[in-house]
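A.B. asks: Any chance you can model this:
(chains A, B and C)
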Amino acid sequence: MGMNSWPTDISEARQIQDALSKQVKIIPLKKMPELIAGVDASIDSGKVTAVASLYEYSGLRHIEDAFSVKEVRFPYIPGFLSFREGETVIDAIEKLRIKPDIILFDGQGIAHTKGIGIASHIGVILDMPSIGCAKSRLVGRFKEPAAEKGSWTYLYHNDRRVGVVLRTRSSVKPIFVSLGHRVDIDSSIKIVMKCVYKYRIPEPLRRADSLSREIL
DNA sequence: GCGACAG
DNA sequence: ATCTTGTCGC
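C.D. replies: Predicted coordinates for the structure are as follows:
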């Protein structure tokens, strides 16, 4: 799995990003998902705790949760987040008894310096459709979206549309939705909005986030 | 050299 | 990410 693909230093991490970035595929999502998972991680005293929460897409019904705890092996460096949480996040996803059709990540997809943020990185490794949902910007240019819920503007980076800045709640700071792997922008917007109940962050990610701290 | 900088 | 109470606004 991730034996030769988990680096200890930055130069090694860069090589992995260069290799994996070529494998990211931005193509139309084949079918709307029936099952969707949100994954997030928390850090505490040298440990990474990752949680994967599975939901039924239509109706947003919770189905199951899985988690994993591992030693921190990499520091947090902007642009290299996946090397800090990736290993644990993958383990949590693989512990789900039922496999999701698509995964939501707390971070960027291709809206990344090297075009391979955590959503794209893990999407490629697992070869599964994925979407990045970050609370703030890493790279890219954009116009502020209108104040109404559902409004969005494109996020551009290197003359490419890498995602959108999406207002999930009226008059509340927008989130940065970016293409992960095997998805397109229209599907990403539709899927993320469908997962929003009454808060800014999509439910699968909110649950994974709160559970990951609870497990600490 | 300076500022920016997912979690 | 994490440290942390009350408080302003819809």
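A.B. asks: Which residue would you name as the spatial centre of chain A?
C.D. replies: Among the residues of chain A, the one closest to the centroid is residue A:105, at 1.8 Å (Cα atoms, centre = their mean).
A.B. asks: which residues of chain A fall in strands?
C.D. replies: Assigned by DSSP state E, the strands in chain A fall at A:35-44, A:47-56, A:61-71, A:102-105, A:130-134, A:152-157, A:160-166, A:175-181.
A.B. asks: for the record, mean pLDDT for the longest one?
C.D. replies: Read that as strand A:61-71. Averaging pLDDT along strand A:61-71 gives 97.
A.B. asks: who wins for proximity to DNA strand C among the strands of chain A?
C.D. replies: strand A:35-44 (3.4 Å; Cβ to the nearest atom of the strand). C-beta here means a position set from N, CA and C on the backbone, and glycine is covered the same way.
A.B. asks: partners of the closest one, with directions?
C.D. replies: strand A:47-56 (antiparallel), strand A:102-105 (parallel) (DSSP bridges).
A.B. asks: Now it: buried residues?
C.D. replies: A:36, A:37, A:38, A:39, A:40, A:41, A:42 (16 or more other Cβ atoms under 10 Å).
A.B. asks: hmm, back to that, tell me which of the strands paired with strand A:35-44 sits most buried.
C.D. replies: strand A:102-105 (a mean of 28; mean count of other Cβ atoms under 10 Å).
A.B. asks: what about that strand, distance to the chain center?
C.D. replies: Centre-to-centre, strand A:102-105 and its host chain are 5 Å apart (Cα atoms, centre = their mean, to the nearest Å).
A.B. asks: Residues in contact with it: which ones?
C.D. replies: Contacts to strand A:102-105, defined as Cβ atoms under 8 Å, 6 or more residues apart in numbering, come from residues A:29, A:33, A:36-39, A:52, A:89, A:93, A:118-119, A:122-123, A:126, A:128-133, A:180, A:183, A:191-192, A:195, A:202, A:204-205.
A.B. asks: rerun that using 7 Å as the cut-off
C.D. replies: A:33, A:36-39, A:93, A:118-119, A:122, A:128-133, A:180, A:191, A:195, A:202, A:204-205 (Cβ atoms under 7 Å, 6 or more residues apart in numbering).
A.B. asks: can you tell me which of those are up against DNA strand B?
C.D. replies: A:118, A:119, A:132 (Cβ under 7 Å from any atom of the strand).
A.B. asks: so residue A:161 touches residue A:153, yeah?
C.D. replies: No - Residue A:161 is not in contact with residue A:153 according to Cβ atoms under 7 Å; the separation is 10.5 Å.
A.B. asks: Please consider this matter closed, and thank you.
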